[in-house]
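1. could you look at this predicted model? Sequence included:
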Amino acid sequence: MLLVLLAINAEARDREKPELNPYALIFGTVWGPDGRPLYGVKVKIRRSDEQKVRWEQYSNHTGEFAQRVPAGKADYIIFADVKGYKLPSGKHLKPGSEVTVHVENDERADTGIHLEW
């Protein structure tokens, strides 16, 4: 009887676990013009075949950001939005070039965004 109850309980727990959809991870670092990582920069990500931004992240204290995107072959455009961003020195930043990241499947893609004066 005890074995039957344990088997039923284990089966019920397995049914409660949500199915995780496969995903890819875009991981990057925001670099300032001086080559140092920058904290608090808004990073925007969109698919290359779309104009609308789908995801927004902020760089953390080590300048890093990460975003899950659907697994599968796709290109993503990543860029920094520096409107309203102030450096302690008072200098203003320019967003730099957009970066294209290619994802094939459920993988991690590493990149960097380099800002300019």
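-> Yes, it's here.

2. using CSV, write out every CA atom in the strand or helix carrying residue 80.
-> Take DSSP states H and E as the rule and residue 80 turns out to sit in strand 74-81. Output of strand 74-81 as CSV, limited to C-alpha atoms (Å, rounded to 0.1, in the frame of the first residue of the first chain):
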residue,chain,number,x,y,z
ALA,A,74,17.4,34.1,-36.0
ASP,A,75,19.4,37.4,-36.1
TYR,A,76,18.9,40.0,-33.4
ILE,A,77,19.9,43.7,-33.3
ILE,A,78,21.2,45.0,-30.0
PHE,A,79,21.9,48.6,-29.2
ALA,A,80,22.3,51.0,-26.3
ASP,A,81,19.9,53.7,-25.4
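
3. for that strand, packing partners?
-> Contacts defined by 3 or more C-beta pairs under 8 Å, 6 or more residues apart in numbering; DSSP states H and E place strand 74-81 against strand 23-31, strand 42-47, strand 99-103, strand 108-114. From N, CA and C alone the C-beta is placed, and that goes for glycine too.

4. got the buried residues for it?
-> 76-80 (16 or more other C-beta atoms under 10 Å).

5. among the residues you listed, which pair sits farthest apart?
-> 76 and 80 (14.2 Å; C-beta to C-beta).

6. which residues does the most centrally placed residue in the chain contact?
-> Nearest to the geometric centre of the chain sits residue 67, at 2.0 Å (C-alpha atoms, centre = their mean). When contacts are counted by C-beta atoms under 8 Å, 6 or more residues apart in numbering, residue 67 touches 25-26, 45, 55, 57.

7. which of those residues ranks first by neighbour count?
-> Neighbour counts for those, by other C-beta atoms under 10 Å, peak at residue 26, which reaches 23 neighbours.
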